[in-house]
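K.L.:
only geometry, no sequence info:
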DNA sequence: AAGAAAAAAGATAGCGCAATCGTTATCGCA
DNA sequence: TGCGATAACGATTGCGCTATCTTTTTTCTT
């Protein structure tokens, strides 16, 4: 393009990167360059730009499972937000593996992403913590104990408390809690809320925490077992939407009615939950707010603002349904 | 790293890019390099690599709406498939806008992606078609009339036919069809199936096609109108899961029973649909197969295989529920 | 009319890698 | 002993851009 127009590459670069004014390029030149660029359908090589400027206008998003509707919703909001801020999003599914998380994060850095948004896996985030020296990192939903990384999450303890108290207030005492990934902070906090509520009612001996995965299958299998117990629980607290779906299936198969025979309460919200019969009583997380906040914090960090201290816990909202 | 080890950058590059054997680098050297690389946590700059090799091991995925569970499911499969083939995925939400589609595709190309998977928007894909000269492009779900681009889609005509015939076989005659984006091929084909089935029964005068968006709101508003008609339809054919959800809400609000007062049949499948009451009768698309096939075709094209002729239509499966 | 200032542009280098084209040791073999 | 074959490595260049430093031209000032 440079030779075709008779201008230097420098001038052309300036025009195309919007720095024409700053360098006082004459309007005639600007127009000529722009016209030619359009004519020959020019678009700059992002690879070369990143190499030179060390910025890529790209953000990496690390999720434990894109198939989980909860994370898919989150991804949707994040992608849209980032896009309107001029960023492109690379989505990686870490499949609930700490090793994949580390590898993916490194791979993202070697791609010169400008920042990382992550729902981390595993117990201790040493690796992410280290990487955050090289690049802005913001956690969503999950975080690590004593981490200095910024995060945005739900007040899961409160959610666990609310759900359990709701069941207790309806007279339930045999309440089983089907959990997901034990090492994850939201899971721990929800369980803590459940335990606290039970203990407050003097039901410490009835505490029953089972399961080990945020999956439909886990919910299904654990509920199958529960339903075959001599002394069935009268209520189930499912720690995720997927677990709830599995539980629902098992309860149906046992020929039991909800909520008459077994009450059911779940975490997460979803387009569909209102349309189920019975509609599901649930602890809804403010996914959209969380996602938008996390994006905001990340972009601020990228711009150099040092609100590293941002560790936010948003309140969940209980949506009353007919299932409990 | 080169000077720290006393080797040339060339040698190091060869070792790290796995070409040690090809260039007969001695095992000692290889080990030394690898150890040092691990020690100093070296990872190559993908930007520089792409600049040099014109490949980025990255694929662009263009979707009209990540928030739609149907596309989110699709994205999940694609991301996972690509990842296990060694590719990273950039996801872009084109928001059902043809202009955004074009812009995003161009932006992906300037990012040196090795290929593009797209659920396109708009009537005629001139732009994508042109771009496909520069880079492999495979369409999923939607495609263009007379396009030469490879695509993988559902046999939507068959789906429309099946759904409508099912309703007809149950004795319905006043069947309204709530459609999504009119210009999209799947929509057109489903409608064509509906029309054909109606005409075959001599019900041409009862054909009733309404709506204009694949959204919950569209389904809701159109159904509200339907329910307030003097002569209500006895069955509704919703052309997507989102439309179905909106319809469901409106039917509920009208205090009507499903399927006694209004039968409901939908396109798309979903984890939740089995757990609704009544469970929804639906035309399930083979999302996973479609996604995997599209990825396969794209990777083949990247490798140079010229199966450009791949234009596949997979059969949908009707899942019987209680709603129709 | 001479000099200073502002306006408009260009020359050069280097981001981090890999393709290309070398060069230097080592060894077998007649 | 010398020669070519092979093994093992290196120097250079350029991918496409932009940051930095210069140069040329125009305009204004006194």
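P.N.:
Structure's in. What do you need? All values reported here derive from a predicted model rather than from experimental measurement. Numbering: from 1, shown residues only, chains lettered A, B, ... in the order given.
K.L.:
strands of chain A, residue ranges please.
P.N.:
A:58-63, A:88-93, A:115-118, A:137-140, A:151-154, A:175-178, A:208-210, A:235-238, A:263-267, A:281-284, A:311-314, A:317-319 (DSSP state E).
K.L.:
the inter-axis angle of the second one versus strand B:88-93?
P.N.:
What it means is strand A:88-93. 120 degrees (axes from the mean of the first three to the mean of the last three CA atoms, to 10 degrees).
K.L.:
in chain A, what residue lies closest to chain B?
P.N.:
Nearest residue of chain A to chain B (CB to the nearest CB) works out as residue A:277 at 3.2 Å. Backbone N, C-alpha and C define where each C-beta goes, glycine included.
K.L.:
show me what contacts the closest residue to that residue other than its chain neighbours?
P.N.:
Distances taken as CB to CB, 6 or more residues apart in numbering or on different chains place residue B:277 nearest to residue A:277, at 3.2 Å, with adjacent residues excluded. Neighbouring residues of residue B:277 by CB atoms under 8 Å, 6 or more residues apart in numbering or on different chains: A:276-278, B:322.
K.L.:
which of the residues you listed are buried?
P.N.:
Among the contacts of residue B:277, the ones that count as buried by 16 or more other CB atoms under 10 Å in any protein chain shown are A:276, A:278.
K.L.:
can you tell me which of the contacts of residue B:277 is closest to residue A:290?
P.N.:
Ranked by distance to residue A:290 (CB to CB), the contacts of residue B:277 are led by residue A:276 at 24.1 Å.
K.L.:
from DNA strand D, how far off is the closest one?
P.N.:
Noted for residue A:276: a distance of 52 Å to DNA strand D, by CB to the nearest atom of the strand, to the nearest Å.
K.L.:
over to residue A:27?
P.N.:
Remark: distance between residue A:27 and DNA strand D (CB to the nearest atom of the strand) = 14 Å.
K.L.:
try residue A:289
P.N.:
From residue A:289 over to DNA strand D (counting by CB to the nearest atom of the strand), the distance is 35 Å.
K.L.:
in contact with that residue, which residues?
P.N.:
Applying CB under 8 Å, 6+ apart, the residues near residue A:289 are residue A:314.
K.L.:
phi, psi for the residue of chain A closest to chain B please.
P.N.:
For residue A:277, the backbone dihedrals (degrees, to the nearest 10) come out as phi -130, psi 120.
K.L.:
need the pLDDT of it.
P.N.:
We have a pLDDT of 79 for residue A:277.
K.L.:
residue in the stretch 151-300 of chain A nearest to DNA strand D?
P.N.:
residue A:299 (18.9 Å; CB to the nearest atom of the strand).
K.L.:
brain fart, the stretch 101-250 of chain A
P.N.:
residue A:112 (12.0 Å).
K.L.:
distance of that residue relative to residue B:300?
P.N.:
Note on residue A:112: its distance to residue B:300, by CB to CB, to the nearest Å, is 29 Å.
K.L.:
what's the answer for residue A:19, then?
P.N.:
43 Å.
K.L.:
and those two? Which one has more around it.
P.N.:
Per other CB atoms under 10 Å in any protein chain shown, whichever of residue A:19 and residue B:300 has more neighbours is residue B:300, with 17 against 11.
K.L.:
near the nearest residue to residue A:227 once chain neighbours are set aside, how many other residues are there?
P.N.:
Take residue A:227 and drop its neighbours on the chain: the residue closest to it by CB to CB, 6+ apart is residue A:254, 4.2 Å away. Close neighbours of residue A:254, defined as other CB under 10 Å, add up to 15.
K.L.:
now swap in residue A:295 and tell me
P.N.:
27.
K.L.:
that one contacts residue A:80, doesn't it?
P.N.:
No: if you go by CB atoms under 8 Å, residue A:295 and residue A:80 don't touch, sitting 9.5 Å apart.
K.L.:
what's near enough to touch residue A:51?
P.N.:
Residue A:51 neighbours (CB under 8 Å, 6+ apart): A:112, B:45, B:47-48, B:51.
K.L.:
pull up the gap between it and residue A:114, please.
P.N.:
Relative to residue A:114, and taking CB to CB, residue A:51 is found at 14 Å.
K.L.:
before we move on, what about residue A:268?
P.N.:
From residue A:268 to residue A:114 the distance is 30 Å (CB to CB).
K.L.:
tell me which of the two has more neighbours.
P.N.:
residue A:268 (26 against 20).
K.L.:
where does the nearest residue to the more buried one once chain neighbours are set aside land on pLDDT?
P.N.:
The shortest distance from residue A:268 to any residue other than its chain neighbours is 3.9 Å, reached at residue A:241 (CB to CB, 6+ apart). Note on residue A:241: pLDDT of 96.
K.L.:
burial check on residue A:241, number of neighbours?
P.N.:
Neighbours of residue A:241 using other CB under 10 Å come to 24.
K.L.:
now do residue A:266
P.N.:
So residue A:266, with other CB under 10 Å, has 31 neighbours.
K.L.:
could you find the closest non-adjacent residue to it?
P.N.:
residue A:244 (3.7 Å).
K.L.:
got the phi/psi numbers for the residue lying closest to the residue of the stretch 151-300 of chain A closest to DNA strand D once chain neighbours are set aside?
P.N.:
Nearest non-adjacent residue to residue A:299, counting by CB to CB, 6+ apart: residue A:85, 5.9 Å away. For residue A:85, the backbone dihedrals (degrees, to the nearest 10) come out as phi -100, psi 10.
K.L.:
mind giving me the domain split of chain A?
P.N.:
A:2-44, A:57-154+A:287-317, A:156-284 (automatic domain parsing).
K.L.:
low-confidence ranges in chain A?
P.N.:
Regions of chain A meeting the criterion pLDDT under 70 cover residues A:307-308.
K.L.:
how about the residues of it near DNA strand D?
P.N.:
Within chain A, the positions lying close to DNA strand D (CB under 7 Å from any atom of the strand) are A:9-10, A:13, A:16-17, A:19, A:42, A:44-45, A:48-49, A:51-53.
K.L.:
can you rerun that using 10 Å?
P.N.:
Applying CB under 10 Å from any atom of the strand, one finds that chain A approaches DNA strand D through A:1-2, A:8-19, A:22-23, A:26, A:42-55.
K.L.:
would you write a ChimeraX line that selects the buried entries of these?
P.N.:
Filtering the residues of chain A next to DNA strand D down to the buried ones (16+ other CB under 10 Å) takes a single ChimeraX command:
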select /A:11,12,13,14,15,16,45,46,47,49,50,51
